[in-house]
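In: Structure here, sequence nowhere to be found:
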């Protein structure tokens, strides 16, 4: 195998940081555009705060780049059901549940699997730093380390 093809398969720190910077820049642009347009395009982003009859209107969300998120997540369920319906309430409840579930999964699985994948990696400086955390780092004859991935999934979902 040539050195060029080996280099293309490595999960190098440089490629990871490049991808992180590009995706971070895209995220920043999208968030800035949303924050700027959210208050100007209220017909799209908050039509229930002024279009329905006064007794059915939703309470307008606070202006400001981030205060609306806290107000949305902290809004009483009765208000959400009354103004937006049961579908919107269940969607918000689903989002909160997913934040809790995947937060626990990430904080539990990541440290365990990173340790399992990096055991037995060559000494530092002989390969790129992120290569030690790939599943490909585990030798094919070491079934117990591969089984650790299955056990973690089973514990978290079972």
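Out: Alright, I've got the coordinates. Note that this is a predicted model, so its numbers are computed, not measured. Numbering: from 1, shown residues only.
In: count of residues packed around residue 30?
Out: 10 (other CB atoms under 10 Å). Backbone N, C-alpha and C define where each C-beta goes, glycine included.
In: which residues touch the host helix or strand of residue 151?
Out: Per DSSP states H and E, residue 151 falls inside helix 143-157. Here helix 143-157 makes contact (CB atoms under 8 Å, 6 or more residues apart in numbering) with 104, 105, 108, 109, 112, 113, 116, 117, 119, 135, 138.
In: Tell me the buried residues in that helix?
Out: Burial within helix 143-157, assessed by neighbour count using 16 or more other CB atoms under 10 Å, is assigned to 145, 148, 149, 152.
In: Which of the three states applies to residue 60?
Out: Under DSSP: H, G, I helix; E, B strand; the rest coil, the three-state class of residue 60 is coil.
In: Residue 79 against residue 59, yeah?
Out: Yes. Between residue 79 and residue 59 there is a contact under CB atoms under 8 Å: 6.8 Å.
In: returning to that earlier point: nearest to residue 90 among the buried residues of helix 143-157?
Out: Set against residue 90, the nearest of the buried residues of helix 143-157 by CB to CB is residue 152 (29.8 Å).
In: Could you report the distance from that closest one to residue 115?
Out: When distance is defined by CB to CB, to the nearest Å, residue 152 is 11 Å away from residue 115.
In: for residue 47, same thing?
Out: According to CB to CB, residue 47 and residue 115 sit 50 Å apart.
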